[in-house]
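Peer 1: here is the input, now give the coordinates:
(one chain, ligands or ions: 1)
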Amino acid sequence: MRCRSRIWALSTTTSTSGKPRSSGAKPIGPLFIAFEGVEGAGKSTQIRRVAAALRQLDIEPIVTREPGGTRAGEAIRAVALDRDLRLEPATELLLMLAARSVFVHEVLRPALEAGRIVLTDRYELSTFAYQGGGRQLPLATVKQLNQLATGGLRPDLCVLLDVDVDRGLARRASGARDRIEGEDLDFHRRVARAYRELARQEPNVALIDARGEIEQVFAAVWEALCARFPETFSPRQG
Ligand code: T5A
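Peer 2: Below you'll find the model as predicted:
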């Protein structure tokens, strides 16, 4: 089930128990973790599971999404995903990066400066895979423009949920498809190929087999987080 209102709403600054977040002995941030993958890979589902597990550790993460996460970003998202619009690949790229620029400025930098854990549903790997791979824009240019939008702020870890395109689209079969979801199979296969290539080339990518049941995938995600950030993610809480 999709739960978008939850995803883009920013969490409160206090812990669920009402205790000051700094009261725990563990260092908890700043940490920036992006969830990536093709349509229906299970990003939103896994982010919700990770956020819930962190709350059990008395850590309140900031949960957000791209494009979106800010008022301007949500407005840009509405244009970028409007299935009644025809947009050139370059227009689409610039919309994604305009939203990212606001996101970095208004959400990401302040949150990380405050020592928070940020879990975001998509970030720059989506642009490399969709606009670079899917739309076949030159990847070097895409990366250069992305650098302008982010100021070089990159995730500490990208959790790349790897699932075949047909399985992902089938999971999403019941809802109305937006402009990008509604692209043909060849487009989505190019995106999937680009993601796998990025997993080989980019630093800080955890490639997770996301074909299994939700709990099975979550166990693999949590294990990857524990391995990477043992001071924050406890194996017992997964
Ligand atoms: N985009 C975005 C770009 O082109 N460039 C960019 O730079 C950026 C940032 C965003 C669109 O924008 C594009 C990419 C996208 O096309 P979106 O609505 O956020 O649009 O699209 P998605 O991120 O793909 O959202 P989805 O909801 O389609 O996919 P999720 O979040 O990966 O999947 P999720 O968790 O919602 O799950 C989908 C369904 O599958 C079930 C869930 O219960 C749900 O019903 N499910 C599972 N079923 C079986 N087994 C599992 N393991 C399952 N995991 C989840």
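Peer 1: only C-alpha atoms for contact and neighbour calcs from this point on.
Peer 2: Will do.
Peer 1: just checking, next helix/strand downstream of the longest helix anywhere in the chain?
Peer 2: Looking across the chain with DSSP state H, the single longest helix is helix 185-201. Toward the C-terminal end, the helix or strand that comes next after helix 185-201 (DSSP states H and E) is strand 205-209.
Peer 1: and that next one, what other elements does it pack with?
Peer 2: Other elements packing on strand 205-209 under the criterion 3 or more Cα pairs under 8 Å, 6 or more residues apart in numbering; DSSP states H and E are strand 157-162, helix 185-201, helix 214-228.
Peer 1: can I assume Arg122 is in contact with Thr64?
Peer 2: No: here Arg122 does not reach Thr64: they are 9.0 Å apart, not a contact under Cα atoms under 8 Å.
Peer 1: neighbour-wise, which of those two wins?
Peer 2: Thr64 (28 against 23; other Cα atoms under 10 Å).
Peer 1: helix or strand for the more buried one, which one?
Peer 2: Assigned by DSSP H and E, Thr64 falls in strand 62-65.
Peer 1: may I see the buried residues of the helix or strand following that strand?
Peer 2: Using DSSP H and E, the next helix or strand after strand 62-65 towards the C-terminus is helix 71-80. Neighbour-count burial for helix 71-80 flags Gly73, Glu74, Ile76, Arg77, Val79, Ala80 (criterion: 16 or more other Cα atoms under 10 Å).
Peer 1: possible to save these as JSON lines with distance to Val38?
Peer 2: Formatted as JSON lines, the buried residues of helix 71-80 follow (distance: Cα to Cα, whole Å):
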{"residue": "Gly73", "distance to Val38": "21"}
{"residue": "Glu74", "distance to Val38": "20"}
{"residue": "Ile76", "distance to Val38": "21"}
{"residue": "Arg77", "distance to Val38": "17"}
{"residue": "Val79", "distance to Val38": "20"}
{"residue": "Ala80", "distance to Val38": "17"}
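Peer 1: let me know the closest of those to Leu157.
Peer 2: Minimum distance to Leu157 across the buried residues of helix 71-80 is 22.5 Å, recorded for Gly73 (Cα to Cα).
Peer 1: so the closest one sits against Val79, correct?
Peer 2: No: Gly73 is beyond contact range of Val79, at 10.0 Å (criterion: Cα under 8 Å).
Peer 1: which outside residues touch stretch 97-109?
Peer 2: The contact list for stretch 97-109, computed with Cα atoms under 8 Å, 6 or more residues apart in numbering, reads 66-70, 72-74, 76-77, 118, 123, 145-146, 149-150, 153.
Peer 1: can you check stretch 221-230 too?
Peer 2: Against stretch 221-230 from outside (Cα under 8 Å, 6+ apart): Gln46, Val50, Val159, Ala206, Ile208, Thr232, Phe233, Ser234, Pro235, Gly238.
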